[in-house]
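1. Sequence and computational prediction follow.
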Amino acid sequence: MLKGFQKMRISLLIIFLSFNCLAASNTELQKELVSMAKADQEVRNEISTAGWKKAPADLLEKIKRIDIENTNRLKEIVEQHSWVTQDLVGSEGVSAAFLIVQHSPDYEFKQSMLPLLKQSFLNGEGVTGQEFALLTDRVLIYQNKPQLYGTQLNIIGGELVFEPILDQENVNHRRAEVGLPSLEKYKKVVAEAYGLPVK
C-alpha cells in the first residue's frame, strides 16, 4: 500500500456507501460493517489532507490499527456467515465488507476471500465487477504476477504508472466483461482524480 512513503499503490476505488438499511435481513450487521468502513475512510481522508508523504506518525498508527481491527472482525463475520450477501446486509454492507478486505494488511486473508467474492459477483449477490477486478489485481500484484484488469497503479517520480498487465491487447475485453470502462477512459479518470499524469 505505502512503501517507505516513496511509492504508493493506487487503486481508484469509487464506492458510495449509503447509510440506509435497504434490502438487508440483518440490519445490525449491515450497520456494523458500514460503521467499520466509515472509520476506514475517515482516517484515510485525514491522511490525504495531511499528505501521504508527510503524514503524522499517529495517523499512520491509527490507520494500521483500524485496518487490523476491521480485518479481525470481518474474519469473525465470515466465519459465522461465510461471505456476506446482499440479502443479508444489503448492497451497502457488501461494499463495506469489500472495502475492509481491500485495505486489509493480511494478504493471505485477501487471497482466501477472492474465490468468495468471485462467486458473489457471478451469482449477483452484491459484489460488483469493479470490486472483483480490484481485489483480483491486488492479489495478483502481491503474488508478483501481472494484473488482469489494469486497476493497480503506483506513483513513481510524480507520475501514475500501471503495474504490469497480462496480455494488455485484450485488457479492454476483460474489463468490459466485469463492467469496467476501457483502460483509456480509466486513465483519464485516474489522472483527474489524482491530479497526476498517467504513464
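-> Great, that's in hand.

2. Could I get the full set of strands for the protein?
-> 2-3, 7-11, 152-156, 159-162 (DSSP state E).

3. which residues touch the last one?
-> Where contact means Cβ atoms under 8 Å, 6 or more residues apart in numbering, the residues beyond strand 159-162 that reach it are 10, 147, 150, 152-155, 190-191, 194, 196-199. C-beta here means a position set from N, CA and C on the backbone, and glycine is covered the same way.

4. now, the most widely separated pair of those?
-> Greatest spatial distance among those (Cβ to Cβ): 147 and 197, at 20.0 Å.

5. Which one's more surrounded, those two?
-> The residue with more neighbours, out of residue 147 and residue 197, is residue 147; 23 against 12, by other Cβ atoms under 10 Å.

6. so who does the residue nearest to that one when sequence neighbours are not counted touch?
-> Closest residue in space to residue 147, ignoring its immediate chain neighbours: residue 137 at 3.8 Å, by Cβ to Cβ, 6 or more residues apart in numbering. Residues in contact with residue 137 (Cβ under 8 Å, 6+ apart) are 11, 147-152, 163.

7. try it again with 7 Å
-> Residue 137 makes contact with 147-149, 151-152, according to Cβ atoms under 7 Å, 6 or more residues apart in numbering.

8. Span of stretch 166-175 from start to end?
-> 12 Å (Cα to Cα, to the nearest Å).

9. now the helices: where do they sit in this structure?
-> Along the chain, counting by DSSP state H, helices occupy 27-50, 57-81, 86-102, 107-122, 129-142, 171-177, 183-194.

10. Any regions of the protein where pLDDT drops low?
-> Scanning the chain with the threshold set as pLDDT under 70 gives 1-24, 52-53.

11. Can you pull up the most central residue in it?
-> Nearest residue to the geometric centre of the chain (Cα atoms, centre = their mean): residue 102, 3.8 Å.

12. if I look at that residue, how far off is residue 151?
-> According to Cβ to Cβ, to the nearest Å, residue 102 stands 11 Å off from residue 151.

13. so what sits against both of these two?
-> Common contacts of residue 102 and residue 151 (Cβ under 7 Å, 6+ apart): residue 134.

14. one step back: hang on, the residue nearest to the centre of the chain packs against residue 132?
-> No - checked against Cβ atoms under 7 Å, the pair residue 102 and residue 132 is beyond contact range at 11.1 Å.

15. and the residue nearest to residue 132 when sequence neighbours are not counted, what is it in contact with?
-> Here the nearest residue to residue 132 in space, its sequence neighbours aside, is residue 121; by Cβ to Cβ, 6+ apart that works out to 4.3 Å. Contact analysis of residue 121 by Cβ under 7 Å, 6+ apart lists 127-129, 132.

16. Then residue 71?
-> Contacts for residue 71 (Cβ under 7 Å, 6+ apart) come out as 100, 104-106, 109.

17. Residue 191 too?
-> 197-198.

18. what's the spacing between it and residue 184?
-> 11 Å.

19. what's the answer for residue 160, then?
-> Note on residue 160: its distance to residue 184, by Cβ to Cβ, is 14 Å.
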